[in-house]
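Asker: sequence? don't have it. structure:
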């Protein structure tokens, strides 16, 4: 036997003895290398179910339960809307005289007062109106002198009654022509006491310029084919235009109140009134236009602003409610935990309605009255994650 084989045979019993001693050492309690106690095993949750939404709890009594209550509530309809000027308080501004714009004094977005000059137009129409006024004024002066002369001659018997009446008729016609010329100048926007070729375009109402279609140097055409140069709107009252789907229309009525919410004013709601519901649906979106009249004394509502309107249904309905603590949001869905008995609980997805006072939440689907749910869903969910 070689020395190597002899050494190998001698090591086998020694190795077997060492392994046996090591096994005994491991099995003996309290014989750890550093004297540490063994870790306790967590037994809170035992998921032995094939359904991932069913959980078995070893101590189910530690989770308080609450019953689903029923409350009479008014359904709410939330829709997106846009602010527009009230058409009844909006006035398009046009010029009755054509010409060339030489100066713009007010621009888009400016607040203007009634009578304020918006722009100046070098207008041939106004020039012609002043010329007619001066001509008819001269004719009227001449007719007045001729009438005075005819009256004097008639009184002395130098002319006949017919000649006097002809002079009176000529004077009356001259007066009519003069008054028409004065009215023409005023309609165009001129002042007979200040003859000029510059036609001022003035604001017909006080309000905000919400549209501008004119710039310096632009030619203003005659009235029959001219678009509005400006649009001025009184924004102290505005319209809220909403698109309401046809399945929500039965809950909206003319005369109903509506609460308007605006981004940036999250804690404020503004009260409006439904004044019109369109009788025609949009064929693409299947929505009807609902018009809300909204006071805007502080100017918070601006034309083109997007807002949210909330309508309250007139009739009250019964809806299940649960404490808000009984609901947890997971994976973009809302869930509650319902006891099944024998320590088992099922995770049930629910659809929520509006939040109620007192820390309760409406449940539109997923639960029935008198169902039991875990009161603190977050606590239960954390317990299920401790394995």
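Answerer: Happy to help now that I have it. What you see is a predicted model; the values in this text were computed from it and never measured.
Asker: Tell me, how many residues neighbour the residue lying closest to residue 159 once chain neighbours are set aside?
Answerer: Nearest residue to residue 159, sequence neighbours excluded (Cβ to Cβ, 6 or more residues apart in numbering): residue 153, at 4.5 Å. No exception for glycine: its C-beta is placed from N, CA and C like everyone else's. By other Cβ atoms under 10 Å, 15 other residues sit near residue 153.
Asker: now swap in residue 309 and tell me
Answerer: By other Cβ under 10 Å, 24 other residues sit near residue 309.
Asker: And it, what's its pLDDT?
Answerer: For residue 309, the model assigns a pLDDT of 93.
Asker: how's the chain carved up into domains?
Answerer: Using automatic domain parsing, the domains assigned to the chain come out as 54-73+317-384, 77-87+233-316, 93-118+202-231, 124-196.
Asker: Secondary structure element for residue 307, which one?
Answerer: strand 306-323 (DSSP states H and E).
Asker: immediately after that strand, which helix or strand?
Answerer: Following strand 306-323 in sequence order, the next helix or strand is strand 328-330 (DSSP H and E).
Asker: Report the buried residues of that next one.
Answerer: Residues of strand 328-330 classed as buried by neighbour count (16 or more other Cβ atoms under 10 Å): residue 328.
Asker: Quick one: the helices in this protein, in order.
Answerer: Counting by DSSP state H, one finds helices in the chain at the ranges 3-27, 124-155, 161-188, 377-384.
Asker: a markdown table for these, including distance to residue 248?
Answerer: What follows is the helices of the chain, written out as a markdown table (distance: least, Cβ to Cβ, whole Å):
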| stretch | distance to residue 248 |
| --- | --- |
| helix 3-27 | 71 |
| helix 124-155 | 54 |
| helix 161-188 | 50 |
| helix 377-384 | 30 |
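Asker: mind checking how far the residue nearest to residue 159 is from residue 66?
Answerer: From residue 153 across to residue 66, the span is 113 Å (Cβ to Cβ, to the nearest Å).
Asker: what does residue 108 give?
Answerer: Residue 108 is 58 Å from residue 66, by Cβ to Cβ.
Asker: So the two - more neighbours on which side?
Answerer: residue 66 (16 against 12).
Asker: pLDDT wise, what is residue 262 at?
Answerer: For residue 262, the pLDDT comes out at 89.
Asker: That one: neighbouring residues, count only.
Answerer: 17.
Asker: rewinding a little: which of the helices of the chain comes out lowest on mean pLDDT?
Answerer: helix 3-27 (a mean of 42).
Asker: In the chain, which residue is most central in space?
Answerer: Centroid check for the chain by Cα atoms, centre = their mean gives residue 307 as the closest residue, at 1.6 Å.
Asker: Buried residues of stretch 71-84, list them for me.
Answerer: Using 16+ other Cβ under 10 Å as the test for burial, stretch 71-84 gives 73, 75, 77, 79, 81, 83-84.
Asker: Alright, I will stop here.
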